[in-house]
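Asker: with the sequence up front, the predicted model follows.
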Amino acid sequence: MEFLGELWLPILLSAVFVFIASSIIHMATPWHKSDMRKMKCEDAVVDAMRSNGLEPGAYMFPCAESMSAMCSPEMQEKMKRGPVGYLTVLPGGGFNLGASLVGWFVYCLIVGCLVAYVGWYSLGASNEYLHVFRVTGAAAVLGFCVGYFQESIWKGQSWGITGKFFLDGVLYALLTAGTFGWLWPEGIVLPLGG
């Protein structure tokens, strides 16, 4: 855990820089404006969900009760007829932006800690900016980018939206790598065996 004591500043500052960049991307640009669409019959759908007591959670529709039911002719017909999708229902009362922003900042700190860990144990005494940038940047790409592919692979999110989030993540990784390269401590000597 020595790496946390040595690299706390780039961990913290990279999280701040990523938080600021993501805030600008999402609040001051139209980049993600078209990611979500409004249903034409939103009121009727929401009223139907409310009257059926739909609780907060993740749902799939149509949803089979078992793998064998998934292959039944009835389920295959439902799938063919459509619509098919996933639905996330949040608790009533509105979206809690404050809690989401805190969660995002904590996530940025976690990515920073993992980047610090990878850098600490793979770079050793190297403090050449470009070398630190490459290693920490690759680790940051894993933390900020790769997970978005699952949304398109498993949940049908458009590859265009995934691509936009991937590009956001590349920017966050570049900011993180730049911060680590800039603030990497000199003369780190690790004991043999890490």
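Answerer: On my side now, so go ahead.

Asker: Three-state assignment for Asp35, please.
Answerer: Here Asp35 is coil, with the state taken from DSSP: H, G, I helix; E, B strand; the rest coil.

Asker: pretty sure it is touching Ile161, no?
Answerer: Yes. With contact defined as Cβ atoms under 8 Å, Asp35 reaches Ile161; the gap is 5.1 Å. For glycine as for every other residue, the C-beta is placed from the backbone atoms N, C-alpha and C.

Asker: looking only at neighbour counts, state which of these two leads.
Answerer: Set side by side, Asp35 and Ile161 give different neighbour counts by other Cβ atoms under 10 Å, the larger being at Ile161 (16 against 13).

Asker: ok, so what distance separates the more buried one from Gln150?
Answerer: 13 Å (Cβ to Cβ, to the nearest Å).

Asker: got it, and Ala64?
Answerer: 21 Å.

Asker: mind showing which ranges of this structure have poor pLDDT?
Answerer: 187-194 (pLDDT under 70).

Asker: so what are the domain limits for it?
Answerer: Domain assignment for the chain by automatic domain parsing gives 2-35+95-183, 42-89.

Asker: need the winner for burial among those domains.
Answerer: domain 2-35+95-183 (a mean of 16; mean count of other Cβ atoms under 10 Å).

Asker: so which residues of this protein form helices?
Answerer: For the chain, helices defined by DSSP state H occupy the ranges 2-27, 42-51, 67-70, 73-81, 97-123, 129-144, 148-155, 159-183.

Asker: and those as TSV, adding distance to Met60?
Answerer: Formatted as TSV, the helices of the chain follow (distance: least, Cβ to Cβ, whole Å):
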stretch	distance to Met60
helix 2-27	27
helix 42-51	15
helix 67-70	11
helix 73-81	11
helix 97-123	23
helix 129-144	27
helix 148-155	9
helix 159-183	19
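
Asker: nearest to Val89, out of those?
Answerer: helix 42-51 (7.2 Å; Cβ to Cβ).

Asker: got the CA positions of that closest one in PDB?
Answerer: Extracted in PDB, the C-alpha atoms of helix 42-51 (Å, rounded to 0.1, in the frame of the first residue of the first chain):
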ATOM      1  CA  GLU A  42     -44.500   7.800 -22.600                       C
ATOM      2  CA  ASP A  43     -47.500   8.800 -20.400                       C
ATOM      3  CA  ALA A  44     -49.400   5.600 -21.300                       C
ATOM      4  CA  VAL A  45     -46.400   3.400 -20.700                       C
ATOM      5  CA  VAL A  46     -45.500   5.100 -17.300                       C
ATOM      6  CA  ASP A  47     -49.200   5.000 -16.200                       C
ATOM      7  CA  ALA A  48     -49.300   1.200 -17.100                       C
ATOM      8  CA  MET A  49     -46.100   0.600 -15.100                       C
ATOM      9  CA  ARG A  50     -47.400   2.600 -12.100                       C
ATOM     10  CA  SER A  51     -50.800   0.800 -12.100                       C
END
